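[1] Sharing a model that was predicted from the sequence below.
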Amino acid sequence: MTNRDVDAARAYHDATKHSYASVYGQRHQLDWDVMPRPFKVYPDLPALPLPRDFTTSTRPVLAALADPGAAAAPGPALDRTALARLLFFSAGILRKRTHAGGETYFRAAACTGALYHIDLYLVSGPLADLEAGVHHFGPHDFALRRLRAGDHRAAVVAATAGEPAVAAAPALLVLTTTFWRNAWKYRARAYRHAFWDAGTLLANLLALAAACELPARVVLGFVDEALDALLDLDVAREVTIAVVPLGGGGAPPPPAPSAPALGLATLPPSEREVDHPEIRRAHLASSLATAAEVAAWRGAPPERPVAASAGPRVALAPLPDGAVREPIEAVVLRRGSTRQFAAASIGLDQLSTILWCATRGVPSDVGDTRLTDVYVVAHAIGGLAPGAYAYDPQAGALECLRAGTFRRDAGQLALGQALAADAAVDVFWLADLAPALARFGNRGYRAAQLEAAIEGGKTYLGAYAFRLGATGLTFFDDDVTAFFSPHAAGKSVMFLMAVGRPGRG
């Protein structure tokens, strides 16, 4: 099966939809004896500690969130301190809580089930205080571990078919997912979560880069096998899902040294694992095997039909960047996952700003056309009538699809969770998969999920910038589409974020 056999992506998505029967008729009992560890650990490799005395940026958080990735090359110089800032505020441990069952780690970016299955690897040339090499980032001790010596960036350039941003970057971050570390709880649906949780992490990373005008770009087109081999991954368990070049303006890297298999020892995630072959099939079906396939990935974005106007529009008025003067780092430190919302409204100016910042664009090799559409269920927004809306990012307006109070409906759509019913607003991302799959093949499914999650992550940060609360939720897929139809007819749900004033409890 190849990337062009697009029935594979649809089959995976349909098979992992939540319905009342799938959620309540097939209850999944968690086996706590094999709960995976939240870190990948190389027990035999020496640690290279990262500095913790990094400074924070000064650019206001709203400006950083809204930045579409327009930083001019080459940006500030990268060294271990600069990398440490990016790694800490995107994937680091901010705090931890000890309890009878062990320790709970609170990381910089949200992750489904707090299972933290996304790992970061650094492929760099020689930096001011770091030798060239391939390194793994260990959040558990905030250190790098060198897997390979030498400058291997040319191997990534080749795998990305000469992607210009990769060729010009002094350092590359590579994101991977370890299936079992999320599938332990979410089973086959964990492949969706690979992009959800990478997306929230990337929302942090892109805002952090924008805050210091460091060029950063999300690259999804690459020869999967080549990058998996460079990182020495056991592809039955862990795979590459994205590359982020950092910085620019440099000369193409020298030829890469050989990269034989390493077979490095790692601690097993748990004593035993349950295999979910649906995940591996979906990943393999959306993989690219040759540089020619990667080159074909880049090009004209898919054309998408424009939905006919369905109702009256409400123009939104985002606040200026300086409305919140804190930097992105302060907001990341404050971010949590809201467990209860108060029955209180938020301002239309706050919602306007959050949506505006989240949807200015993702710098990536997918192109400029959006793959997802934003829908809103407004419950308590000052100056906005309760109802269901479609958001038009270009016009900065909400189009009313249906007026009315839909708190109960929103709770039911989110698997009956009170958080969605009690929030001030619920924001959904839906995708018309047909044009994405026609243009990009099965890999378009990865791209649509990731775009939604990055924007969801920015929504999360935007809410906390206003000292509001937010939390990501899951949903009954077909019920959400039906609720927003006929406007959303034929679309598939990618992501859901609830926003409101945090309650006590």
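    Thanks, I have the structure now.

[2] Give the residue spans of the stretch 201-350 of the chain that score low on pLDDT.
    Where the stretch 201-350 of the chain drops to pLDDT under 70, the residues are 306-308.

[3] same thing with the chain?
    Looking at the chain by pLDDT under 70, you get 101, 306-308, 505.

[4] need the contact list for the residue nearest in space to the middle of it.
    Residue closest to the average C-alpha location in the chain (C-alpha atoms, centre = their mean): residue 199, at 0.4 Å. With contact taken as C-beta atoms under 8 Å, 6 or more residues apart in numbering, residue 199 is in contact with 449, 450, 451, 452, 453, 454, 455, 456, 457, 495. For every residue, glycine as well, the C-beta is placed using N, CA and C.

[5] next one: residue 134
    121, 122, 123, 146, 147, 148, 152, 230, 231.

[6] can you tell me how far residue 367 sits from residue 300?
    Separation of residue 367 from residue 300 (C-beta to C-beta, to the nearest Å): 7 Å.

[7] So which of those two has more stuff around it?
    Just comparing residue 367 and residue 300: by other C-beta atoms under 10 Å the higher neighbour count belongs to residue 367, 15 against 9.

[8] Surely that one is in contact with residue 297?
    No - using C-beta atoms under 8 Å, residue 367 is not in contact with residue 297, being 10.0 Å away.

[9] Of the contacts of residue 199, which is the nearest to residue 90?
    Ranked by distance to residue 90 (C-beta to C-beta), these are led by residue 457 at 10.1 Å.

[10] Residue 427 versus that closest one, what's the distance?
    Residue 457 is 12 Å from residue 427, by C-beta to C-beta.

[11] picking that back up, determine which two of the contacts of residue 134 are furthest apart.
    For the contacts of residue 134, the farthest-apart pair by C-beta to C-beta is 146 and 230; their separation is 13.4 Å.

[12] So for those two, which residue has more residues nearby?
    Ranked by neighbour count (other C-beta under 10 Å), residue 146 and residue 230 place residue 230 first, with 21 against 18.

[13] follow-up on the earlier one: and the closest residue to the residue nearest to the centre of the chain other than its chain neighbours, what element?
    Leaving aside its chain neighbours, residue 199 sits nearest to residue 453 (2.3 Å; criterion: C-beta to C-beta, 6 or more residues apart in numbering). For residue 453, the enclosing helix or strand under DSSP states H and E is helix 443-465.

[14] Which positions within that helix qualify as buried?
    Of all the residues in helix 443-465, those buried under the rule 16 or more other C-beta atoms under 10 Å are 443-465.

[15] Report all helices and strands that whichever helix or strand comes after it contacts.
    Once helix 443-465 ends, the next helix or strand along the chain (criterion: DSSP H and E) is strand 469-472. Judged by 3 or more C-beta pairs under 8 Å, 6 or more residues apart in numbering; DSSP states H and E, the packing partners of strand 469-472 are helix 443-465, strand 492-500.

[16] With distance to residue 9 as added columns, please give those in CSV.
    Listed next are the helices and strands packed on strand 469-472 as CSV, based on distance: least, C-beta to C-beta, whole Å:
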stretch, distance to residue 9
helix 443-465, 4
strand 492-500, 10
